[in-house]
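**Student:** pasting the sequence and the predicted coordinates here, then a few questions.
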Amino acid sequence: MSSLKHFFLFCCLLLPAIGWAQQTPARKPATPAKGQRIELLPGTQELIGGEFNGVEIRKLIGNVSFKQGDTFMYCDSAYQYTDRNSIEAFSNVRIVQNDTLTITGDRATYDGDARKARMTGNVVMRDPRMTLTAPVLDYDLNSKLAYYSGGGHLTDPENTLDSRRGYYNTQTKVFSFKSSVQVKTKDYTINSDTLQYNTVSKIVYFFSPTRIKGQQGSLYAENGYYNTATRVSNFKSNAKIETRDYLLGGDNLYYDESQQYGLATGRVSMVSKKDNITIRGDVGRYWRALGRAKVYGNAVMRNIADRDTLYLAADTLMSVDSRNPAKPGGVVYAYKKVRIFRPDLQGRCDSLTYDRADSVIYLNRTPVLWSGTNQLTADSMELRLRRQKIDQMRLYANSFIAGKDTLLNYNQVKGRNMVGYFQGNKLKKVDVLGNAESLYFALEGDTSLTGMNKAVSANMALRFSPDNKLQTISFLTNPDASFIPPHELKDEDRQLAGFKWREKERPTRRGTLGKHFAPPVKAKPKPKRKTTTSAKTRTTTKAKAKPAAAPKKATSSPAKPVKKAMTPQPKPSTVAPAPKKALVRPVDILRRKPLK
């Protein structure tokens, strides 16, 4: 009975303590040590203990080895600071972690609490995938990061890398290099300032201007990656591929060395070094083995010869190299909405072929050319070049030349075929071959119409002045001509069959160059700020100006004489007619009677 009483009293005393314990927060456990104690392994030949400046030191000599967790350290001699849990190791120092990573050097310090080591003197770091050598190396065993800042050299079975600074993550197997970085592979040498290298995937990532050089050419970019195993690169920001004959660039650039295929996007530019030809567009593709390049999306070609520049724009431009060593040059193809612009020649057609070896440009499907004030049309055309300048122009089937005079009349010549001859890039002569017809308006001083000459002949010859105005017209082989006075002219007599004026389609410089060759827009000068004057200053100025008002009226300047409005002079005829006598009586050339 007494035992039950004592037990009841004990429970009553315990209940308040239990309630207080539940209300009081639990105490945090004591902070553990930063690192395990460094353990000295058996086998050391000599151990000398003592104190130096109040610090307990163990001096270990001969076959010294330590252990901390999964990390081992070996050396010939060492100082062990037991109270600081650190080591200084000397001669033949070796650190091994997880039996996979080994670091060797002449001297090392190791902090057991922070688990950080510094190795100096002939440092070599090895794992199954690579070997790194450096004069000094810091290694953090917690984060598995190794650092060097005095220059490092990395080798793996395929590549070598050098840089001034860098670090290696032993977990992700990724190296990060900085300053004077050079990577050497079997085929290329890579130079950069900042890049990363994955020792597992063999991919090089770069984040600064980088150049890759090889036997076939070089690549440049400011951001991207290169796979040293597959030889595939993906560059960004001002990327370029340069070979012996071409330079291909863009904002983004993909290139497969094994397939010899490249893809560029965003402000694409392709330069043919041999021909001084530049092609720009939105997207570009390059097949090096085939010698073929294709640019599309606002594509424009620029060909510079001496002081003359020819621009060619189309939806798509393609360049194909010649496979014949005896006939170098290749061909440029342009198709869909082709536009040509030179200061002295403009044109438009559906598709175009430029044979650089023969220096011939073929215009297909309803082409039209403008030379000065003359419009030329046909079913197809050829432009033959000599020394990068136009030498001949050939029009095939339904050939037509037209021009507008000062009275808005259209002078016209048509025939089966035509051959135009140029001198100094200016039209000098045109031969009309087969079914030739002409219709020209005779003017009196370019201000009044005196009649219209209409002639038919098997062939005709037209000669032009240096300013592209018609000087003479010759009717050859069975001509038949007539002169129609102004009062007898009918609307149907004013045009030859097939006439169509296409001046609105004439390409302009801005419309042809597009966004890729357009000159940069100049910033407008900022307007000057007006100087503000105080109210007091303005009042003073007005007060001073009042007495000057009286003499101002007395000295009024005389009115300026009004100039008479000048009648604008009419512009010269766009295709000037032949001399009046020849046009009024065209058959005089053939010694026939004049027409009445």
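**Tutor:** Thanks, I have it.
**Student:** going by C-alpha atoms from here, please, whenever you check contacts or count neighbours.
**Tutor:** Noted.
**Student:** separation between the nearest residue in space to residue 246 that is not next to it in sequence and residue 293?
**Tutor:** Nearest residue to residue 246, sequence neighbours excluded (C-alpha to C-alpha, 6 or more residues apart in numbering): residue 272, at 4.9 Å. Distance from residue 272 to residue 293, counting by C-alpha to C-alpha, to the nearest Å: 10 Å.
**Student:** and residue 168, by the same measure?
**Tutor:** Distance of residue 168 to residue 293, computed by C-alpha to C-alpha: 41 Å.
**Student:** cool, residue 503 as well?
**Tutor:** Noted for residue 503: a distance of 34 Å to residue 293, by C-alpha to C-alpha.
**Student:** tell me the domain ranges of the chain?
**Tutor:** What automatic domain parsing lists as the domains of the chain is 35-120, 366-518+572-596.
**Student:** can I get those in JSON lines with mean neighbour count, distance to residue 350 and mean pLDDT?
**Tutor:** Below are those laid out as JSON lines (neighbours: other C-alpha atoms under 10 Å; distance: least, C-alpha to C-alpha, whole Å; pLDDT from 0 to 100):
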{"stretch": "domain 35-120", "mean neighbour count": "17", "distance to residue 350": "67", "mean pLDDT": "92"}
{"stretch": "domain 366-518+572-596", "mean neighbour count": "18", "distance to residue 350": "7", "mean pLDDT": "82"}
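**Student:** still on that earlier bit, so if I had to pick from residue 272 and residue 293, which one is more boxed in?
**Tutor:** Counted by other C-alpha atoms under 10 Å, residue 272 and residue 293 do not tie: residue 293 has more neighbours, with 23 against 17.
**Student:** now do the same contact list for the more buried one.
**Tutor:** 284-287, 318-320 (C-alpha atoms under 8 Å, 6 or more residues apart in numbering).
**Student:** pairing partners for the host helix or strand of it, with directions?
**Tutor:** Assessed by DSSP states H and E, residue 293 sits inside strand 292-305. Looking at strand 292-305 with DSSP bridges, its partner strands are strand 277-287 (antiparallel), strand 308-320 (antiparallel).
**Student:** show residues contacting the shortest one.
**Tutor:** Okay, so that is strand 277-287. Contacts for strand 277-287 (C-alpha under 8 Å, 6+ apart): 260-272, 292-304, 317, 516.
**Student:** of the residues you listed, grab the buried ones for PyMOL.
**Tutor:** To isolate the buried members of the contacts of strand 277-287 in PyMOL, using 16 or more other C-alpha atoms under 10 Å:
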select buried, resi 261+262+263+264+265+266+267+268+269+270+271+272+292+293+294+295+296+297+298+299+300+301+302+303+317+516
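**Student:** where does the residue nearest the centre of the chain land in three-state SS?
**Tutor:** Nearest to the mean C-alpha position of the chain, by C-alpha atoms, centre = their mean, lies residue 250 at 3.4 Å. Assigned by DSSP: H, G, I helix; E, B strand; the rest coil, the conformation of residue 250 is strand.
**Student:** from memory it sits against residue 271, does it?
**Tutor:** No - counting by C-alpha atoms under 8 Å, residue 250 does not reach residue 271; the two are 11.8 Å apart.
**Student:** and residue 195, what element?
**Tutor:** According to DSSP H and E, residue 195 maps onto strand 188-198.
**Student:** how about residue 153, what does it touch?
**Tutor:** Residue 153 is in contact with 132-134, 160-163, counting by C-alpha under 8 Å, 6+ apart.
**Student:** I'd say the residue nearest to residue 246 and residue 244 touch.
**Tutor:** No - contact criterion C-alpha under 8 Å: residue 272 and residue 244 do not qualify, at 9.5 Å.
**Student:** following the helix or strand encompassing residue 450 in sequence, what is the next regular element?
**Tutor:** Applying DSSP H and E as the criterion places residue 450 in strand 448-464. Counting by DSSP H and E, the next helix or strand C-terminal to strand 448-464 is strand 470-476.
**Student:** in terms of secondary structure, what does that following strand contact?
**Tutor:** Counting contacts by 3 or more C-alpha pairs under 8 Å, 6 or more residues apart in numbering; DSSP states H and E, strand 470-476 is packed against strand 448-464.
**Student:** residue 369 pairs with what?
**Tutor:** Assigned bridge partners for residue 369, using DSSP bridges, are residue 347, residue 376.
**Student:** isn't it right up against residue 341?
**Tutor:** No - in terms of C-alpha under 8 Å, residue 369 does not count as a neighbour of residue 341; the distance is 9.8 Å.
**Student:** list residues touching both of those two?
**Tutor:** Shared contacts of residue 369 and residue 341, defined by C-alpha under 8 Å, 6+ apart, are found at residue 347.
**Student:** which parts of the stretch 401-550 of the chain are helices?
**Tutor:** Assigned by DSSP state H, counting those that start in this stretch, the stretch 401-550 of the chain shows helices spanning 509-517, 535-545, 549-554.
**Student:** and the gap between residue 197 and residue 254?
**Tutor:** Distance, residue 197 to residue 254, using C-alpha to C-alpha: 19 Å.
**Student:** kindly report the same for residue 94.
**Tutor:** Residue 94 is 44 Å from residue 254, where distance means C-alpha to C-alpha.
**Student:** now residue 181
**Tutor:** Between residue 181 and residue 254 the distance is 22 Å, computed by C-alpha to C-alpha.
**Student:** likewise for residue 203?
**Tutor:** 14 Å.
**Student:** more neighbours: which of these two?
**Tutor:** For residue 203 versus residue 254, neighbours defined as other C-alpha under 10 Å are more numerous around residue 254 (23 against 20).
**Student:** export the strands paired with strand 292-305 as JSON lines, with columns for mean pLDDT and distance to residue 174.
**Tutor:** Output for these, formatted as JSON lines (pLDDT from 0 to 100; distance: least, C-alpha to C-alpha, whole Å):
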{"stretch": "strand 277-287", "mean pLDDT": "91", "distance to residue 174": "32"}
{"stretch": "strand 308-320", "mean pLDDT": "90", "distance to residue 174": "41"}
